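Novice: sequence unknown, structure follows:
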């Protein structure tokens, strides 16, 4: 995995304002990778709002 990679990940936050995400996968871009590879951060463009979320590496 590299910064700039395009992925599809679940958006795990309260999205009642936009409607339910229902565990769907959304397109996102890797914006940060921990130096020791422990986690990575992706950025979603969700209805015009940029949302960042981190995931534990190796457990996708």
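Specialist: Yep, it's here. Owing to the predicted nature of the structure, the values given are computational and were not obtained by experimental measurement. Residues are numbered from 1 along each chain as shown.

Novice: secondary structure class for the residue of the chain positioned farthest from its centre?
Specialist: Here the chain reaches farthest from its C-alpha mean at residue 36, the gap being 19.0 Å by C-alpha atoms, centre = their mean. Three-state call for residue 36 (DSSP: H, G, I helix; E, B strand; the rest coil): coil.

Novice: One more: residue 31?
Specialist: strand.

Novice: ok, it touching residue 43?
Specialist: Yes. Contact status for residue 31 versus residue 43: in contact at 4.8 Å, counting by C-beta atoms under 8 Å. (Each C-beta comes from the backbone N, C-alpha and C, glycine too.)

Novice: center of the protein - which residue?
Specialist: residue 42 (4.0 Å).

Novice: List the contacts of the helix or strand containing residue 52.
Specialist: Assessed by DSSP states H and E, residue 52 sits inside strand 49-56. Residues outside strand 49-56 that contact it (C-beta atoms under 8 Å, 6 or more residues apart in numbering) are 9, 11-13, 28, 31-32, 38-44.

Novice: where's the closest residue to residue 28 other than its chain neighbours, which helix or strand?
Specialist: Leaving aside its sequence neighbours, residue 28 sits nearest to residue 42 (C-beta to C-beta, 6 or more residues apart in numbering; 4.0 Å). Secondary structure assignment for residue 42, by DSSP H and E: strand 39-46.

Novice: So for that strand, what gets flagged as buried?
Specialist: 40, 41, 42, 44, 46 (16 or more other C-beta atoms under 10 Å).

Novice: Look up how far residue 23 lies from the second one.
Specialist: For residue 41, the distance to residue 23 equals 20 Å [C-beta to C-beta, to the nearest Å].
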